[in-house]
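In: Sequence and predicted model, in that order:
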Amino acid sequence: MTVAIDRATGKRRGDRAPRPGLGQRLKHSYQKHWYAYAMITPVVVVLGVLVLYPLAYGFYLTLTDANSLNTARTIGVNEIEATYKFIGFDNYADILWGETSYERFWSHFIWTIVWTGACVGLHYTLGLGLALLLNQQLRGRTLYRLILILPWAVPTFVTVFGWRFMLADGGVINSFLETLHLPTPLWLEDTFWQRFAAIMVNTWCGVPFMMLSLLGGLQSIDSTLYEAAEMDGASKWQQFRYVTLPGLRSVSSTVVLLGIIWTFNQFAIIFLLFGDTAPDAQILVTWAYYLGFGQQPRDFAQSAAYGMLLLAILIVFTSFYRRWLNRNDQQLAI
């Protein structure tokens, strides 16, 4: 075997040049893409100020015993210095394995999982059903779309306050149930009915988004696929199962993931519907707010620790969810 050698350099032809160092690669990237770096710098700065710094400071607070009694504060003309101490990961251990961990964390965690699963399941099921109806050739279809999108267009606080008035003891819903001689639940007082009411209100607010997203996905499916399936003798159910659902796969995976993240962190509906009067109906995010701002003394460290746990849960879930979707896509490709 012969090897060609470059006489000028003494190196064999075909040998790869040594890979440049990190500094050289960064310098070359900056020289080549300096305009792109200049364009994204303001965004990076804003994100750093509004997201990264609060996140880092919140994580630091989780490693202390900071509360409203030992943090730096000003009372009149007197400035009181901070006296909180570094305690490591004791807050996390207390939340997850402390004596009252079930009442303070696990019970709210279980309810948050139930709340998220029920709401997202109802959002998707009802949204898909309405999208299928609106995808048909119906008279007045535009008007129906406008009506069905109203719950999503109205500000959340207006919607929730409206539902709160209707769910009150003398509200429209209980008055209607009385006329039918049916029991009138304590929607805003009993724990079971509080949770039921929260799921009902969140379903009302969340279905329109799911409906519009799935409707767009339905309209992107090639109509010739349905024509081919019909010529092959496929029933409506078979067309739905083997054409519609696979055609909605990419849209469904995205909106379901977004729905889970938004519902898991849904603060406004629980807070505006019950305030701090329903401790057993609080999901993790509203419970974290209560610890940090709804009690005395305000426990900033524990509240921040709940926030970090929420972030960790969502990151782990999202990574497993995307991996599961990719695995299914590979199986379908095979």
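Out: Okay, I see it.
In: who's in contact with the most centrally placed residue in the chain?
Out: The residue lying closest to the centre of the chain (C-alpha atoms, centre = their mean) is residue 261, at 1.4 Å. Contact partners of residue 261, counting by C-beta atoms under 8 Å, 6 or more residues apart in numbering, are 314, 318. C-betas here are computed from N, CA, C, even on glycine.
In: Distance-wise, check it relative to residue 179.
Out: 41 Å (C-beta to C-beta, to the nearest Å).
In: Shouldn't the residue nearest to the centre of the chain be within a strand?
Out: No: under DSSP: H, G, I helix; E, B strand; the rest coil, residue 261 falls outside any strand and is assigned helix.
In: Look up the pLDDT of the residue nearest to residue 160 when sequence neighbours are not counted for me, please.
Out: Spatial nearest neighbour of residue 160, chain neighbours left out: residue 272 (4.1 Å); criterion: C-beta to C-beta, 6 or more residues apart in numbering. With respect to pLDDT, residue 272 has a value of 92.
In: pretty sure residue 272 contacts residue 162?
Out: No: taking contacts as C-beta atoms under 8 Å, residue 272 lies outside contact range of residue 162: 10.6 Å.
In: So if I had to pick from the two, which one is more boxed in?
Out: residue 272 (17 against 14; other C-beta atoms under 10 Å).
In: so that one is in which element?
Out: Per DSSP states H and E, residue 272 falls inside helix 268-274.
In: where does that helix sit relative to the chain's centre, distance-wise?
Out: Averaged C-alpha coordinates place helix 268-274 at 17 Å from its chain's average position (C-alpha atoms, centre = their mean, to the nearest Å).
In: Show me what that helix is packed against.
Out: With contacts defined as 3 or more C-beta pairs under 8 Å, 6 or more residues apart in numbering; DSSP states H and E, helix 268-274 has these neighbours: helix 156-167, helix 191-219, helix 284-293.
In: Please repeat the previous calculation with a cut-off of 6 Å.
Out: Helix 268-274 sits against helix 156-167, helix 191-219, with contacts defined as 3 or more C-beta pairs under 6 Å, 6 or more residues apart in numbering; DSSP states H and E.
In: could you dump those to TSV with distance to residue 144 and mean pLDDT?
Out: Formatted as TSV, the helices and strands packed on helix 268-274 follow (distance: least, C-beta to C-beta, whole Å; pLDDT from 0 to 100):
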stretch	distance to residue 144	mean pLDDT
helix 156-167	20	92
helix 191-219	11	93
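In: Just say which of these is most tucked in.
Out: When neighbours are counted by mean count of other C-beta atoms under 10 Å, the highest per-stretch mean among the helices and strands packed on helix 268-274 falls to helix 191-219, a mean of 20.
In: Now do the buried residues in the next helix or strand along the chain from that helix.
Out: Sequence-wise, the next helix or strand downstream of helix 191-219 (DSSP H and E) is helix 223-231. The neighbour-count check on helix 223-231 (16 or more other C-beta atoms under 10 Å) flags 226, 229 as buried.
In: neighbouring contacts of helix 223-231?
Out: 239, 243 (C-beta atoms under 6 Å, 6 or more residues apart in numbering).
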